[in-house]
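**Q** Build me a model from this:
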Amino acid sequence: MLTDPIADFLTRIRNAQGAQHSQTEIPASRVKIQLAEVLKSRRYIKDYQVVDKKILVEFNQERMNLNLRKMSKPGQRIYVGYKNIPKVLNGLGMCILSTPEGIMSGFEARAKKLGGELLCKIY
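**A** Predicted structure coming up:
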């Protein structure tokens with residue numbers, strides 16, 4: 001059993017890209033599927049499919065060197081209001097938040113005026 005499935009999700013993507021793989025396989029959960037949807041909507045990954053309780057993530061070849069950083073950890077949760085959502089590299093990157101309306105990018109949360117738990121930063 002994993003203590004931090006979001007960190008496992010990010011680590012599997014980071015390791016597969018470091019090994020120059022075109023795709024990777026990750027155990028599925030609702031949170032991970034929502035994270036994959038946010039990454040796909042912002043074109044950090046090319047596509048994903050859920051097959052037999054696994055997520056097959058296909059990487060975008062133009063963005064093979066993603067820098068994925070977990071912010072909120074099980075021992076130290078980080079919560080931000082919509083006014084305090086950080087801008088990653090002055091808007092070149094993005095952060096992902098868990099809000100009352102689901103997992104979304106920092107841009108969406110700021111537009112909807114929603115705060116929440118700061119999950120990760122991507123650039």
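**Q** what are the ranges of the strands in the chain?
**A** The residue ranges that make up the strands of the chain, judged by DSSP state E, are 23-27, 45-51, 54-59, 68-70, 79-80, 94-99, 102-105, 116-122.
**Q** now those strands in TSV, with mean pLDDT, mean neighbour count and distance to Leu39?
**A** Just so you know, the C-beta spots here come from the backbone N, C-alpha and C atoms, and that holds for glycine as well. Compiled in TSV, these are given as follows (pLDDT from 0 to 100; neighbours: other C-beta atoms under 10 Å; distance: least, C-beta to C-beta, whole Å):
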stretch	mean pLDDT	mean neighbour count	distance to Leu39
strand 23-27	96	17	12
strand 45-51	96	15	5
strand 54-59	96	18	8
strand 68-70	94	16	9
strand 79-80	97	15	20
strand 94-99	96	22	8
strand 102-105	96	19	9
strand 116-122	96	20	7
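**Q** which one of the ones you listed lies closest to Leu2?
**A** When these are compared for distance to Leu2 using C-beta to C-beta, the nearest one is strand 23-27, at 8.4 Å.
**Q** Quick check: Gly115 touching Asn84?
**A** Yes: Gly115 is within contact range of Asn84, at 7.5 Å (criterion: C-beta atoms under 8 Å).
**Q** Who has more neighbours out of these two?
**A** Under the criterion of other C-beta atoms under 10 Å, the comparison of Gly115 against Asn84 puts Gly115 first, with 17 against 10.
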